[in-house]
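Engineer: my questions are about this predicted structure, shown below with the sequence.
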Amino acid sequence: MFCDLHMHSTASDGTDAPHELGAVAAAAGLAAIALTDHDTLAGLAAAAEGCAAASIGFVPGIEVSADPGAVKLPSDEPAATTGTLHILGLFVRHDDEKLLAIGRRMEQTRHQRNPAIIDRLNELGVNVHYDEVLALAAREGTVIIGRPHIAQVMMNKGYVKSIQDAFTRYIGARGAAYVRRDRLHPREAIEAIHHAGGLAVLAHPVQLKCGDEDELEYVLARLADLGLDAIETRHSDHTPADVQRLEQLAARMNLATSGGSDYHGTRKSIAIGSQRVPMTVYERLRERREA
């Protein structure tokens, strides 16, 4: 039996409605899933109902964006090239006021950032408008509007070949139209997740873009000091070698492990359940949370 503890719905930047995920998971042969939308708890109640109807175990979650510069070694590189730091909250309460407040704060930063990205794209000759982004989000029933929606409009209009192409060339951390937004200190993210009764899990560590193993271990140690509970060792961006070394690091640092596909529906070519995460991972996380 397998689980998938990292996925997204239309409550952030996925294309499946939260209540549909239980049926999708059942069709993929999964026994449990976690919904971890970006900076929002909005889809959790509907996802829980859908999973109950499909007899799928459900983990309420969230994915919070934090500032990697707060825990990485000082670097001469520009901030935009230091990678991304996302922290999953698993087993969180969907009505926790501290996490809800973070969601509102992050939503406001997106409202400021998105038009700024559009302005930069227009300066580069990419003729897209924010009204088109809002219309796309409305058709999908999306609550959180972010860069994937901008990328989708760019692809629909033929400016890029794929979502990834849009990020690589234009709106990713090294892209020509990148705009940095306000990010939380990881301490705030971890404390809010714990306040909501959840476990704090470092998502896709390879996206931190650490220079070497020593820097990765340094970052993990600092996050552990802040209360990190687990590392996402299995992820669609991780090679088998990545999984092995991350699981060794987790064992050495007394951190639990987690794993998931980072499924976004049709927006990305990642299949739900593709990481084949054993149910023992889910059980151990649940036991750690209860302890």
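Structural biologist: Nice, I can see it.
Engineer: name the residues of the helix or strand hosting Gln108 that are buried.
Structural biologist: Gln108 is part of helix 97-123, with elements assigned from DSSP states H and E. By 16 or more other Cβ atoms under 10 Å, the buried positions in helix 97-123 come out as 99-100, 102-103, 106-107, 109-110, 113-114, 117-118, 120-121. Every residue, glycine included, has its C-beta placed from N, CA and C.
Engineer: which residues in this structure form helices?
Structural biologist: Assigned helices in the chain, in chain order: 21-27, 44-53, 97-123, 130-140, 147-156, 163-166, 186-195, 213-225, 240-252, 279-290 (criterion: DSSP state H).
Engineer: tell me, please, the helix or strand in the protein that averages the lowest pLDDT.
Structural biologist: In the chain, no helix or strand scores lower on mean pLDDT, DSSP states H and E than helix 130-140, which sits at a mean of 90.
Engineer: out of the helices of the chain, which is closest to Cys3?
Structural biologist: Cys3 sits nearest to helix 279-290 of all those, at 4.4 Å, using Cβ to Cβ.
Engineer: which other helices and strands contact the closest one?
Structural biologist: Judged by 3 or more Cβ pairs under 8 Å, 6 or more residues apart in numbering; DSSP states H and E, the packing partners of helix 279-290 are strand 2-4, strand 30-35, strand 57-66, strand 199-202, strand 230-234, strand 256-259.
Engineer: picking that back up, could the buried residues of helix 97-123 go into a markdown table alongside pLDDT and distance to Met1?
Structural biologist: A markdown table is the format used below for the buried residues of helix 97-123 (pLDDT from 0 to 100; distance: Cβ to Cβ, whole Å):
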| residue | pLDDT | distance to Met1 |
| --- | --- | --- |
| Leu99 | 95 | 29 |
| Leu100 | 95 | 33 |
| Ile102 | 93 | 33 |
| Gly103 | 90 | 32 |
| Met106 | 88 | 34 |
| Glu107 | 85 | 36 |
| Thr109 | 88 | 39 |
| Arg110 | 85 | 37 |
| Arg113 | 90 | 40 |
| Asn114 | 93 | 40 |
| Ile117 | 95 | 42 |
| Ile118 | 96 | 45 |
| Arg120 | 96 | 47 |
| Leu121 | 96 | 45 |
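Engineer: which one among the residues you listed gets closest to Leu184?
Structural biologist: For those, the residue nearest Leu184 by Cβ to Cβ is Ile102; the value is 6.8 Å.
Engineer: got the contact list for the closest one?
Structural biologist: Contacts for Ile102 (Cβ atoms under 8 Å, 6 or more residues apart in numbering) come out as 39, 64, 184, 188-189, 192.
Engineer: if I look at it, how far off is Glu191?
Structural biologist: 10 Å (Cβ to Cβ, to the nearest Å).
Engineer: equivalent analysis for Ala138, please.
Structural biologist: Ala138 is 34 Å from Glu191, by Cβ to Cβ.
Engineer: quick revisit: got CSV for the helices of the chain, with distance to Leu202 too?
Structural biologist: Formatted as CSV, the helices of the chain follow (distance: least, Cβ to Cβ, whole Å):
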stretch, distance to Leu202
helix 21-27, 23
helix 44-53, 21
helix 97-123, 17
helix 130-140, 29
helix 147-156, 21
helix 163-166, 22
helix 186-195, 9
helix 213-225, 6
helix 240-252, 9
helix 279-290, 13
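Engineer: what's the closest of those to Arg180?
Structural biologist: helix 97-123 (8.0 Å).
Engineer: what angle separates that closest one from helix 186-195?
Structural biologist: Per axes from the mean of the first three to the mean of the last three Cα atoms, to 10 degrees, the angle that helix 97-123 makes with helix 186-195 is 140 degrees.
Engineer: give me the angle between helix 97-123 and strand 57-66.
Structural biologist: For helix 97-123 against strand 57-66, the angle by the same axes, to 10 degrees is 60 degrees.
Engineer: all set now, cheers.
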